[in-house]
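Colleague: turn this into a model:
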Amino acid sequence: MMAEACAGIGRGVRIRMAILIAVFGIGAAALIHQSYELGVVKTRELRSLGEDQWLETVKISARRGAIFDRNGAELAVSIPVDSIYVNPRRIENASTAAAALAGALGMDAAEIEKRISSKTPFVWIKRQVTPAEADKARGLGIPGVETLKETKRYYPNRELAAHLLGFVGVDGEGLDGMEKSMDPELRGEDDALRGVRDATGTLVFIEKKGKNPTGTSLVLTIDKTLQYLLEHELALAVRTFEARSGTGVMVDPSTGEVLAMANVPTYNPNDPSEFPSASRRNRALTDVVEPGSTFKIFTISAALNAGVVRPDEQIDYPPNGAMQVADVTIHDAHPEQLKSMSITQVIARSSNIGMAKIALRVGSDRLYRYIKRFGFGEKTGVSAPYEAPGILRTPDKWHEVELATIGFGQGISVSAMQLAMGLGAIANQGMLMEPRLVRRIVDNEGRLLQDFPPRSLRRVVNPDTAKLVTDIMTAVTEEGGTGTEAAMKGFLVAGKTGTAQKASPSGGYDAEKRVALFIGFVPANAPRLALVIIIDEPAMGRFGGVVAAPVFRRVADQALKYLGVAPSLEELGPSYIGLGHSPAEQEGKPEPTGSEAGPAPENRDVVLAPDEMVIPDLRGMSILRVLNLAREQGFKVVPEGSGAAMSQSAPPGTVVKKGSTLNVAFASHD
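Modeller: Numbering: from 1, shown residues only. All right, here's what the predicted structure looks like:
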């Protein structure tokens, strides 16, 4: 009996022990499994949750690469500045702190209070502040208000090349111009600052990481001095002629390098939001205009290269100065009393009739192919954003009238950049070059990473044709041509004037709104620069030879001196009337200036009312001198023709009301 009882007890203990062991085993297995889940499977997730409570990562934009001109002058740099941030968890009184920060930073207190009422441990208050603002914020002594170093884009030359350079946003992202188109190269990789928060929530940065904290730098093709010359003269012309805007592009025709690109009005990229969007637009690329008579050089290039006209050929000229094409009558601005015109006269006198006849000979398909080969109707591919392709309909949509009018620049729209490159092809012996804005890319120590040598795109016309067209273009700036105002002392100028009517929203053309153009290259026999000048809607004067040609002359003259190009002509030039030098000056006699010009002798003792003035003697003065004098003395001028003033509607010495309008006839016409 005892043996059986012991055996029963032994079995019970063994069963209980087995159960206990099994329970412990299951628990151990569960513990091991949970430990494996927490320690291996969910390690990253749990670490991230933990780090969220004591680590903070703030993205800081990398230091942006600089932009230099072709000679190494700084155009855009990045400088260290302070930014203000707050840890809301350390702010005791959000309303009081917001009011203090608003006074120091010139911000809205309600907006600041809204931000610092956040439950997040880091909020920006104001980024890229001035040193004075940073000092004021730190001087408040508010716990939780801190400063952090960032970089800010700075343009040391202010408005210079603003449209070309563009600007960046507060996060360092390029938003316009080269800053936008070359953003990946300039920007580099952003930094990440990792911060550790203590028990009070204070953020202390302890680690910095980033493989490339500084972006690469650009060396552009533009020349800072040439850029300034172009901007200055454009601004002067826009003011003088009371124009809506002005645009200019200067290129080296042999390399395709853009030496200057300017627009008026302009803006300061250091503070772009203070300027209207119209002032920030790079009109040289974004705006298209009808080229008017400047386009005749491309039509004549096509005709001569295709052999449909001979260089010595005479083009019949209608006796009444009008030509009928289908149901449209084509007129010349100044009908000629000629039975025929040479090819050179057609261009020099800017005859629409002569050019329409030539375009009809070339034919739609052939003219279209040449226009495309010159680069019109498509983007030039220049490395800047928002370039417009222009407007060029396919020849299947051309009727006889469209063919004739496109030949002299109506019915087609082009950009200043397209005109400059097409003009450059003629100057470059018929070879079209790829436009370049970037010469090379360098690292932050100046080491070369990539360069961009000149590249030819295609031959448009043969060298003989290009030379012949160049010779024809020089006649434009000679006496009797429409561009005498562009003639230069010591240099032969190849150019072409243009005056285009602007399209009306209601259809057709607006009789009052015009665009004045001049395109040309110099020296004509060995071109160093090609230049396009466009003055939009001049209120005083309207012809390209009157408004745009003088801008070309002044820019080109100063540019060639700067480049060290010696004069190639010993004489004064083809025609010196209209260079700002009157016939009296050519004879060695001084010309009256604004302060010297006065009323006729018989009126010197006249007592004038406060609103009266005496008309001065304007004869012999250049157009710009007349306009400047009119502005100084308080009367208006309507100029007709170009060159030196020959007559005026009110005789010298006439007493008139201030603000009166005076018609002044000059030596030649556009």
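Colleague: how does the protein divide up, domain by domain?
Modeller: The record's domain parsing of the chain by automatic domain parsing lists 57-220, 224-269+282-441+451-563, 583-668.
Colleague: was I right to think Ile311 contacts Val346?
Modeller: Small correction: residue 311 is Pro, not Ile. No: using C-beta atoms under 8 Å, Pro311 is not in contact with Val346; the gap is 11.8 Å. C-beta here means a position set from N, CA and C on the backbone, and glycine is covered the same way.
Colleague: higher neighbour count, these two?
Modeller: Between Pro311 and Val346, counting by other C-beta atoms under 10 Å, Val346 is the more crowded of the two (27 against 14).
Colleague: residues contacting the helix or strand hosting Val346, please?
Modeller: In this structure, Val346 sits in helix 343-348 according to DSSP states H and E. Helix 343-348 is contacted by residues 296-297, 300, 304, 309-313, 315, 338, 351, 354-355, 358, 471-473, 475-476, 478, 480-482, 496 when judged by C-beta atoms under 8 Å, 6 or more residues apart in numbering.
Colleague: stretch 460-471 now?
Modeller: Contact with stretch 460-471 is made by 297, 300-302, 304-305, 311, 344, 370, 373-374, 425-432, 494, 524, as judged by C-beta under 8 Å, 6+ apart.
Colleague: which is the next helix or strand following the helix or strand bottoming out on mean pLDDT in the chain?
Modeller: Lowest by mean pLDDT, DSSP states H and E among the helices and strands of the chain is helix 583-586, with a mean of 32. Per DSSP H and E, the first helix or strand lying C-terminal to helix 583-586 is strand 612-614.
Colleague: and that next one, how far from the chain's centre?
Modeller: 43 Å (C-alpha atoms, centre = their mean, to the nearest Å).
Colleague: strands - which of the contacts of helix 343-348 land there?
Modeller: Per DSSP state E, strands hold the following members of the contacts of helix 343-348: Ile315, Lys496.
Colleague: mind checking which of the contacts of helix 343-348 are buried?
Modeller: Buried members of these, counted by 16 or more other C-beta atoms under 10 Å: 296-297, 300, 304, 309, 315, 338, 351, 354-355, 358, 472-473, 475-476, 478, 481-482, 496.
Colleague: now do stretch 476-489: distance to the chain's middle.
Modeller: 29 Å.
Colleague: cool, stretch 447-466 as well?
Modeller: In terms of C-alpha atoms, centre = their mean, the centre of stretch 447-466 is set 22 Å apart from its chain centre.
Colleague: okay, how far is it across that stretch, tip to tip?
Modeller: 40 Å (C-alpha to C-alpha, to the nearest Å).
Colleague: likewise for stretch 301-316?
Modeller: Using C-alpha to C-alpha, the end-to-end distance of stretch 301-316 comes to 19 Å.
Colleague: can you tell me what sits against it?
Modeller: By C-beta under 8 Å, 6+ apart, stretch 301-316 touches 300, 339-343, 346, 354, 357-359, 361-362, 366-367, 370-371, 374, 426, 430, 460-462, 465-466, 468-469.
Colleague: now for the closest residue to Glu92 other than its chain neighbours: which residues touch it?
Modeller: Among residues not flanking Glu92 along the chain, Pro143 sits closest, at 7.4 Å (C-beta to C-beta, 6 or more residues apart in numbering). Applying C-beta under 8 Å, 6+ apart to Pro143 gives the contacts Arg90, Ile91, Glu92.
Colleague: element containing Glu185, please.
Modeller: Following DSSP H and E, the helix or strand that holds Glu185 is helix 183-187.
Colleague: and for Gly172?
Modeller: Counting by DSSP H and E, no helix or strand carries Gly172.
Colleague: ditto for Gly246
Modeller: Taking DSSP H and E as the criterion, Gly246 maps to strand 245-252.
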